[in-house]
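Novice: need coordinates for the below:
(one chain, ligands or ions: 3)
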Amino acid sequence: MNAMNAMKPFILVTFLLVAVFCGLSSSDNTKGYHPCCSFPCQNHGVCTSRGFSDYECDCTNTGYYGRNCEHGTLWTAIGNFLQPSSETKHHLLVHNSWLWNLINWSDYVHDKLMRFVYEDRGNNIHSPPTHTSEHEYITLEAAFNRTHYVRSLPPVHKNCPTPMGVAGKKVLPDVDVLVERVFKRTTFKPDPLGHSVHLPSFAQHFTHQFFKTDYKKGPQFQWGGHGVDATNVYGRDKHDADLLRSFEGGRLKSQIINGEEYPPYLKDAPVKAIYPKDAKEDQKFALGHEFFGHIPNLFVYSTIWLREHNRVVGILAKEHPDWSDEQLYQTGKLVIVGETINIVITDYVQHLSNYNVKLGFKPHVLAGSSYQYQNQIALEFNHLYHWHPMMPSELYIDDETYNMKKSLFRTDLVVKHGLTEFAAAFTKQRAGQMTFRNHGETTIHVAKSVVLEGRQLRLQSFNQYLKRFNQQPYKSFIELTGDQELADTLEELYEDIDAVEFYIGILCEKRVERGKFGLGLLEIGAGYSVKGLLSNPICSPKYWKPSTFGGQIGFDIIMGSTLEKLFCNNIQGECPKISFKVPDEYMEKQKCIGTSCPKPDL
Ligand code: HEM
Ligand SMILES: *[C@@H]1O[C@H](CO)[C@@H](O)[C@H](O)[C@H]1NC(C)=O
Ligand SMILES: *[C@@H]1O[C@H](CO)[C@@H](O)[C@H](O)[C@H]1NC(C)=O
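Specialist: Ligands and ions are numbered 1, 2, ... in the order given. This next block holds a predicted model:
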């Protein structure tokens, strides 16, 4: 009894100590997390910590107010009421061809519409940029230090309960499990709109001029010029560009093989280039980008743009017999940039979007507006452009079938069959669909690294990005995917829809009506794309005039450019059919390995 009584104070003290200790440590835990981990600020409000456990939302210029910027002002409410949803807008754009033909019929109305599109899309991109992967808050580094990719959303704070902030599991799914269950192609899924292999080939060649990750420094760094500067044709810097020039008539060095014009061999223009050690001399070509000997598709596009440059400077030289090599070269480059942008908007994006409205390249409509002619490439743009599922696992050239993996660095295949045959074959063969379980074995490792890089740089969730780009976030897995089996898989892996990673959302989102992609990829990508193209210096009022491009003749080359002309003006003899879409007559004969090729769903 006595002993028990004597113990009482001791037990009490121990109990108190334990309680105090536990209490302290649990409040330490909440204090340890950043107060903005749950992204409490709505409607683009900016979250800042106030001490260790409180936050403040800055709602300036958002049109909202309140602790979490949750209340709209009257004007915001009216604006939202009048503003159709992205689904509605998309629906309008892929139907009603009569309306769009009518609009296309009047230059005045079409100009107004294009101006609206350029500004509306461009407005979603901060210009000058505000964030990089290094800081969760705004810095001047973002605007001044161009070695970074910029960010459209800052990274998730370092000390949060889960990698996505507060949503989802403490640990993200094993990336090898994602590869097996979400990425890997089992049967080839053809592109639903019937697009041809020209489309991903053009995409890859075009985008690598500004997606240039400096992997040695880290995935947040890049070595490009942040825009359409045609370095994919002319070389990475002055040193390489000079090696690629002939210094005669403004031309690039080239050589004739089998009667066709090709880039010079690497030994004749020793630029930076990546080839395997055992590559033969006649497989190693000197190209604008170190990586472009990698697959025959990139070599085809390198060759055709080289021919186009030499064709254009030939025309300019006739027009201006007094011009020096330098002036012809520099002006030719301006024309090539103009052609690139025009083809991208009026041919490539026209196909990607599947809109009925005619997309026009009309820089003059922005004259007098407050458009910012500057741009920096965002990491998120790079990630969403990982369109590797569009590449088929085999290339069908003539009567031969080349496994993609075995075609790496086989530039000699293009020389063997001829560029014309390759270009014809790309038109006939269907591209793959940008969707889940459609990454071929050649590029599966790229999908894996893009996810790992997204984690390293703490990208916010897919739903956060939808909100950033004025979309409704998805409420359930089935709403995201439209496919029960995939929804179940993702739910098992992520638990919470708000925890789905950016690239996974991009890949698994259900296809929008009559569309190639999900609405998220389409809406987010359109912002970066329009901003990137229209902010090019050549679109600004002091550049955009005929004299910049060698006179009306250069201007007309730009405005008349199409994918078909790019090839047909540079192919001798009869030009085969060239198109981003597989023509009907070849649709029937598709060899979609492992499955039949269903008819495109337009
Ligand atoms: C069979 C064809 C292709 C092969 C073999 C291939 C291969 C690669 C490789 C090895 C990388 C570097 C990845 C890393 O080191 O983490 C890469 C990056 C990339 N690829 Fe592809 N790719 C192919 C097709 C495409 C296509 C069709 C696109 C569509 C536009 C594309 C877009 C990209 C982008 C945006 C990057 C990031 C580049 C950078 O940040 O520097 N690729 N690809
Ligand atoms: C309408 O579309 C055609 C191409 O389909 C184009 O040639 C024409 O210039 C367009 N008209 C206007 C006003 O943009
Ligand atoms: C840009 O940022 C990188 C990484 O933080 C740094 O190494 C580099 O020195 C910076 N460049 C300039 C000009 O500040």
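Novice: gap between the two ends of stretch 223-240?
Specialist: One end of stretch 223-240 to the other measures 14 Å (Cα to Cα, to the nearest Å).
Novice: cool, stretch 132-139 as well?
Specialist: Taking Cα to Cα, stretch 132-139 runs 8 Å from one end to the other.
Novice: do stretch 375-382 as well
Specialist: 14 Å.
Novice: now do that stretch: distance to the chain's middle.
Specialist: 8 Å (Cα atoms, centre = their mean, to the nearest Å).
Novice: quick check: mean pLDDT of it?
Specialist: Average pLDDT, stretch 375-382: 98.
Novice: the residue in the chain positioned nearest to ligand 2 sits in which helix or strand?
Specialist: Closest to ligand 2 within the chain is Asn104: 3.8 Å, counting by Cβ to the nearest ligand atom. Where C-beta positions appear, they are placed from N, C-alpha and C, glycine not excepted. For Asn104, the host element (DSSP states H and E) is helix 97-105.
Novice: look up how far Ile506 lies from the most centrally placed residue in the chain.
Specialist: Centroid-nearest residue in the chain, with Cα atoms, centre = their mean: Tyr385, separated by 3.0 Å. In this view, Tyr385 and Ile506 are 10 Å apart by Cβ to Cβ, to the nearest Å.
Novice: now swap in Ala286 and tell me
Specialist: Plainly put, Ala286 is 35 Å away from Ile506 if you go by Cβ to Cβ.
Novice: so where do the strands sit in this protein?
Specialist: 46-50, 54-58, 64-65, 71-72, 131-132, 150-151, 255-257, 260-262, 394-397, 400-403 (DSSP state E).
Novice: so for ligand 1, which of these sits nearest?
Specialist: When these are compared (using Cβ to the nearest ligand atom), the closest one is strand 394-397, at 9.3 Å.
Novice: quick one: pLDDT of the residue nearest to Val179 when sequence neighbours are not counted?
Specialist: Excluding its sequence neighbours, the residue lying closest to Val179 (Cβ to Cβ, 6 or more residues apart in numbering) is Lys448, at 5.6 Å. Lys448 carries a pLDDT value of 98.
Novice: and what of Asn101?
Specialist: If you check Asn101, the pLDDT there is 88.
Novice: where does this protein have low pLDDT?
Specialist: The model of the chain has pLDDT under 70 over residues 1-31, 591-602.
Novice: and it, which residues reach ligand 2?
Specialist: Within the chain, the residues that sit near ligand 2 (Cβ under 6 Å from any ligand atom) are 104, 107, 110, 358, 360.
Novice: quick one, which of those residues are buried?
Specialist: Buried subset of the residues of the chain next to ligand 2 (neighbour count, 16 or more other Cβ atoms under 10 Å): 104, 110, 360.
Novice: what would those residues look like in TSV with distance to ligand 1?
Specialist: TSV is the format used below for these (distance: Cβ to the nearest ligand atom, whole Å):
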residue	distance to ligand 1
Asn104	29
His110	29
Gly360	23
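Novice: tell me which of those residues is nearest to Arg151?
Specialist: Nearest to Arg151, judged by Cβ to Cβ, of those is Gly360 at 30.8 Å.
Novice: excluding chain neighbours, what is closest to the closest one?
Specialist: Nearest non-adjacent residue to Gly360 (Cβ to Cβ, 6+ apart): Met114, at 5.2 Å.
Novice: could you pull out the helices in the stretch 51-200 of the chain for me?
Specialist: 74-82, 86-94, 97-105, 107-122, 141-144, 175-178, 198-207 (DSSP state H, counting those that start in this stretch).
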